[in-house]
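Participant: Could you work out the structure for the sequence below:
(chains A and B)
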Amino acid sequence: MTAGAKSSVQISGSIRKRLLLQLLGTAAILASVLIVAVLGFVRDVAEESHDRILSASATSILDSVTVTAGSLSVDIPYAALSMLGNISDDRVFYSVTSGGTLLTGYEDLPDVSPPLSADGQQGQPAFPTVFQTLDYKGDSVRMATASRRLSLNGIPKVIAVNVAQTRDGQALILTRLTRSSMALGAGFFLLASLLSVWSAQSTIRPLATLTQAISRRGPKDLRPVARPVPSEMAPLVTSLNTFIERLSASLSRSEDFIAEAAHRVRTPLATVRTQAEITLRRVEREDNRTSLREMIRAIDESSRAAGQLLDHAMVTFRIDSLEQAEFDLSNLAEELVERLRPMAELRDISLVFDGHPPCLMRGDPILIQNAVRNILDNAIKYSPSDRQVWVSVTTEAGTECVSVHDQAGGFGDTDTRSLTERFVRGDNVQGTVGSGLGLTIAREVVEAHGGEIRIINTDTGDGACVTLCFPSL
Amino acid sequence: MRFLLVEDNTSLANAILDRLRLDAHVVDHAPDIESAEAFFATTDYDLILLDIMLPDGDGRSFLKSHRERQDETPVIVLTARSEVSDRVGVLDLGADDYITKPFDFSELEARCRAVLRRRGGGSSNEKRFGNLRFDPMAGTLVVGDRSVTLRNKELRLLEVFLGAPGRIFSKGKLVDRLFSYEEDVSENAIEVYVGRLRKHLIGSGVEITTVRGMGYRISQT
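Facilitator: Presented below is the predicted three-dimensional model:
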């Protein structure tokens, strides 16, 4: 994929990021719920156990209230208050009341002893223990009130025991527990985040694998995607495969079209040319012969121009999707020289090849062959009979170069740089058929491969040397 | 020379036929493999021009069976595609050369000549005139016990002369036969080749004489 193609894609967020954010959000909510739940639970547990101790303390004091000789006596057991001290250093307050009258303890401790007939159940000696939270002496305290009925000299009385304790210790414990549950929540969140990242990665992995498999393909690789994909990606891959199929059909149609067009143009031209030649052999009048010769030349020119235009179309087409094959430039050039030798021999021109394999390079061999053939065709076409054309392949400073050196008279005073422009021809070609596309084709092929083309008139002045250089492998 | 052209595209076949006949070759045209086999069974050919895509099969199978029968007749394959694999394929199957359609006739002519020359021609095509023996396919000229390989233009010039001994050829006509129309060649260029050919003909009892104001002709002394 080229940088241009990448920048033309409109990005709307990232699936991985979105997925990750969603998973992390869920994890954060779950972690907070966890913290709140744990905190509520431990608070309840702590309060409940505190209440039990307060209740036990109050009950044990209540149990120690006895009626001795018609009067109430309270002997507060040591354990009743010491069990409270076990919890922390919180201060403990108590009061024992009888029918709302303080018997012993802190007199300003509120008395919540129930009325005698509170639940209307006569004969039930004990009332349920009552708990409450209240402010006492500037501190928040928790107080348990245990009470029961007692018959004093035949008169029923309600004896209530209030035991209160400040809640500093509980607050401390709660702070500690809060810290632990925060840590627990954070741990949960961390673990969930790691799992989210992993899950997001593994969800996106088939997409990444597919992308890699497609982008690693060569430009000519138009096989459908065959690797297995998750069912959610199947519609995408199916569409992609349909697209690839259409593309390759269209590409092969273009190639066929180029070949077919060349055929359609040149075959009738060949017929006309032959007919003109036949007529030329028959006629004797010089002016008729001259016109026939002109005709044949024009036909040759059309045929060659059609060939080169289509060559040029083919080259442009192939450059668009440049193949990257490894091959030996020397072998390619030698094969080409052997291929063109019969044409050279027909004109009594000798082709001399000098190659030094290995000259390895990377590119599209069909394009390079086309470029070198155009140069060599020119050399053969413009050389007078009984001359030589030298083709040599050398390796110089990291480049593989193929040079075609002829004795065709050189390019004269034409600016050698302008020769590679389309339809520009050298000064020396008056009277020779040509379209001026040969060097253009060569230059385009060379540039597509990151190489360079050098055109010089030889020192001896009788010819030119065209060199095509390509980067070595 | 006798050619067998196996090609189903009528307009292309006609163009090739006309062109080859123009150079006084005998050409049989087979539009499919079946008629190609029929022609081949009854006649000896000097060269076969074979298309690949034929209505009743693949030209390559014809080529393969042809080579399996130990037949040595040279074959030039006419391929429509410029694919490299196609070319290698036909050469492996025993084709002597291939030419990619569409082609120029000068290329076809060049390839035919190159193949025939490589195969060394045959006595059946040898022309005798006076004391000389001339094999246009191999491009050799034998005078007595002296043998020379002619260069292409000399060879074609001699071919033209021996095609009609005694006839006068004007310089203009010879230029048309020897040079492609792409080149601007003065008629005097012919003198160079006539001069070279005269040297080769020394002692053969054959000479090229100048007919003033008209041209040249070949004759026995």
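
Participant: Up against chain B, what does the stretch 201-350 of chain A have?
Facilitator: Selection of the stretch 201-350 of chain A residues close to chain B by Cβ under 8 Å from any Cβ of the partner chain yields A:259, A:262-263, A:265-268, A:270-271, A:273-275, A:277-278, A:280-281, A:286, A:289, A:293, A:296-297, A:300, A:303-304, A:307, A:341-343, A:345-348. All C-beta atoms are positioned from the backbone trio N, CA, C, and that covers glycine.

Participant: Longest helix in chain B, by number of residues?
Facilitator: Longest helix of chain B, by residue count under DSSP state H: helix B:105-119.

Participant: May I have the strand or helix carrying residue A:370 exported as PDB, CA atoms only?
Facilitator: Following DSSP states H and E, one finds residue A:370 within helix A:365-382. Output in PDB follows, covering the C-alpha atoms of helix A:365-382 (Å, rounded to 0.1, in the frame of the first residue of the first chain):
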ATOM      1  CA  PRO A 365      11.800  -8.500 -17.000                       C
ATOM      2  CA  ILE A 366       9.100  -8.000 -19.700                       C
ATOM      3  CA  LEU A 367       9.400  -4.200 -19.400                       C
ATOM      4  CA  ILE A 368      13.100  -4.200 -19.300                       C
ATOM      5  CA  GLN A 369      13.200  -6.400 -22.400                       C
ATOM      6  CA  ASN A 370      10.900  -4.100 -24.100                       C
ATOM      7  CA  ALA A 371      13.000  -1.100 -23.300                       C
ATOM      8  CA  VAL A 372      16.300  -2.700 -24.400                       C
ATOM      9  CA  ARG A 373      14.600  -4.000 -27.500                       C
ATOM     10  CA  ASN A 374      13.400  -0.500 -28.500                       C
ATOM     11  CA  ILE A 375      17.000   0.800 -28.200                       C
ATOM     12  CA  LEU A 376      18.400  -2.100 -30.100                       C
ATOM     13  CA  ASP A 377      15.700  -1.900 -32.700                       C
ATOM     14  CA  ASN A 378      16.600   1.700 -33.300                       C
ATOM     15  CA  ALA A 379      20.300   0.900 -33.500                       C
ATOM     16  CA  ILE A 380      19.700  -1.800 -36.100                       C
ATOM     17  CA  LYS A 381      17.200   0.300 -38.000                       C
ATOM     18  CA  TYR A 382      19.400   3.400 -38.300                       C
END
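
Participant: how far does that helix sit from the chain's center?
Facilitator: Distance of helix A:365-382 from the chain centroid (Cα atoms, centre = their mean, to the nearest Å) equals 44 Å.

Participant: cool, stretch B:147-156 as well?
Facilitator: With Cα atoms, centre = their mean, you get 13 Å for stretch B:147-156.

Participant: do stretch A:216-234 as well
Facilitator: The chain centre lies 16 Å from the centre of stretch A:216-234; the measure is Cα atoms, centre = their mean.

Participant: Go ahead and name everything in contact with it.
Facilitator: A:206-207, A:209-210, A:213-214, A:237, A:240-241, A:244-245, A:247-248, A:251, A:321-324 (Cβ atoms under 8 Å, 6 or more residues apart in numbering or on different chains).

Participant: rewinding a little: who does the very next helix or strand once past the helix holding residue A:370 touch, helix- and strand-wise?
Facilitator: Where DSSP H and E defines the elements, the next helix or strand beyond helix A:365-382 is strand A:388-396. Secondary-structure packing of strand A:388-396 (3 or more Cβ pairs under 8 Å, 6 or more residues apart in numbering or on different chains; DSSP states H and E): helix A:329-346, strand A:350-355, helix A:365-382, strand A:399-405.

Participant: can you list the residues that contact the strand or helix carrying residue B:50?
Facilitator: Here residue B:50 is covered by strand B:47-51, with elements defined by DSSP H and E. Contacting residues not belonging to strand B:47-51 are listed as B:1-9, B:16, B:36, B:40, B:59, B:62-63, B:66, B:73-78, B:95, B:108, B:112, B:115-116 [Cβ under 8 Å, 6+ apart].

Participant: Pull out the buried residues from those residues.
Facilitator: Buried members of those, scored by 16 or more other Cβ atoms under 10 Å in any protein chain shown, are B:1, B:3-9, B:16, B:36, B:40, B:59, B:62-63, B:66, B:73-78, B:95, B:108, B:112, B:115-116.

Participant: circling back: in helices only, show me the residues of the stretch 201-350 of chain A next to chain B.
Facilitator: A:259, A:262-263, A:265-268, A:270-271, A:273-275, A:277-278, A:280-281, A:286, A:289, A:293, A:296-297, A:300, A:303-304, A:307, A:341-343, A:345-346.

Participant: Now the element after the helix or strand of chain B with the lowest mean pLDDT, going C-ward?
Facilitator: Sorting the helices and strands of chain B by mean pLDDT, DSSP states H and E puts helix B:84-92 at the bottom, at a mean of 66. Downstream of helix B:84-92, the first helix or strand assigned by DSSP H and E is strand B:97-100.

Participant: residues near the closest residue to residue A:268 other than its chain neighbours, how many?
Facilitator: Sequence neighbours aside, residue B:11 is the residue nearest to residue A:268 in space, at 6.7 Å (criterion: Cβ to Cβ, 6 or more residues apart in numbering or on different chains). Here the number of neighbours of residue B:11 (other Cβ atoms under 10 Å in any protein chain shown) works out to 12.

Participant: For residue B:11, give its distance to residue A:173.
Facilitator: Noted for residue B:11: a distance of 106 Å to residue A:173, by Cβ to Cβ, to the nearest Å.

Participant: Name the helix or strand for residue A:128, please.
Facilitator: Here residue A:128 is covered by no helix or strand, with elements defined by DSSP H and E.

Participant: Hmm, I typed the wrong one, I wanted residue A:135.
Facilitator: In the assignment (DSSP H and E), residue A:135 maps to strand A:130-136.

Participant: So which elements touch the helix or strand following that strand?
Facilitator: Scanning forward in sequence from strand A:130-136 by DSSP H and E, the next helix or strand is strand A:139-152. Here strand A:139-152 touches helix A:15-63, strand A:65-68, strand A:71-74, strand A:92-98, strand A:130-136, strand A:155-166, going by 3+ Cβ pairs under 8 Å, 6+ apart.

Participant: Quick one: mean pLDDT for strand A:139-152?
Facilitator: When pLDDT is averaged over strand A:139-152, the result is 85.

Participant: ok and it relative to strand A:155-166, angle-wise?
Facilitator: Strand A:139-152 runs at 160 degrees relative to strand A:155-166, counting by axes from the mean of the first three to the mean of the last three Cα atoms, to 10 degrees.
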